[in-house]
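Asks: below is the sequence, then the predicted model.
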Amino acid sequence: MSLEISDTDPALAAAVLELETHASGQGWDRPATLYALVDTGALVAQEPALAALMGLDDASAAGSMTPVEQEQLTRPLEEVLPTISWPADVVGCAAVVERLVLPPGVDDEIPDEPAAAEEFARNHPDRQEVRMVVGVTRAGASYCALRLRAHDEPESVVAGDELVPQLVALLRGTLEDDPEVDAP
């Protein structure tokens, strides 16, 4: 099993792996989901009643992040992310998304038109379905967990810091201060 907790931010790695386990329990063919990551200690201090409902206390809060699910997305994740910005009390964010992945060497065969490219991927005999859980923090850390539908076992989850660089970059962009975008 390749589930190493990140040297840069173990709290982020733990939150991403928690989200991966949660997503696994919901099954496949789910819409993309976006999460704010908040400091659990701050949540316990600011919202003690909510923290109690979630089973959180001062001991569980130390050095951890709590994922807060956002409203269901009505547009593709890649379109939504460049338009949002998080409030200062959000220490990071994460996304859970499923995608079709094609084998190396077929890039030249993929049509340029997006709908045709999607159809090509959906019908390719060597396609793989993958669930990606990607998280980033304001401090610059990232962590990713990937699970192939064909190998849908916890011991087959692959994890690391930069496994999905484009999604990492899009998520990082939501944590930058930009007065022209809105919070989700």
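Replies: It's in. Nothing here was measured: the structure is a model prediction, and the numbers come from that model.

Asks: what are the contacting residues of stretch 17-33?
Replies: With contacts defined as C-beta atoms under 8 Å, 6 or more residues apart in numbering, stretch 17-33 is touched by 3, 35, 67, 69-70, 72-73, 76-77, 94-98, 129, 131, 133, 135, 145, 147, 149, 152, 154, 157, 159. For the C-beta atoms, the positions are set from N, CA and C on the backbone; glycine is no exception.

Asks: lowest average confidence, helix or strand, in the chain?
Replies: When each helix and strand of the chain is scored by mean pLDDT, DSSP states H and E, helix 58-61 comes last, with a mean of 58.

Asks: where along this structure do the strands fall?
Replies: Per DSSP state E, the chain carries strands over the ranges 33-39, 65-69, 90-101, 128-137, 142-148, 158-160.

Asks: now do the first one: distance to the chain's middle.
Replies: In other words, strand 33-39. 9 Å (C-alpha atoms, centre = their mean, to the nearest Å).

Asks: quick one, that strand and strand 90-101 angle?
Replies: Strand 33-39 runs at 150 degrees relative to strand 90-101, counting by axes from the mean of the first three to the mean of the last three C-alpha atoms, to 10 degrees.

Asks: hey, C-alpha coordinates of strand 33-39 in PDB?
Replies: Extracted in PDB, the C-alpha atoms of strand 33-39 (Å, rounded to 0.1, in the frame of the first residue of the first chain):
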ATOM      1  CA  THR A  33     -17.800  17.700  -4.600                       C
ATOM      2  CA  LEU A  34     -15.900  20.700  -3.200                       C
ATOM      3  CA  TYR A  35     -14.900  21.000   0.500                       C
ATOM      4  CA  ALA A  36     -13.600  23.900   2.600                       C
ATOM      5  CA  LEU A  37     -10.900  22.700   5.100                       C
ATOM      6  CA  VAL A  38     -11.100  24.400   8.400                       C
ATOM      7  CA  ASP A  39      -8.800  24.200  11.400                       C
END
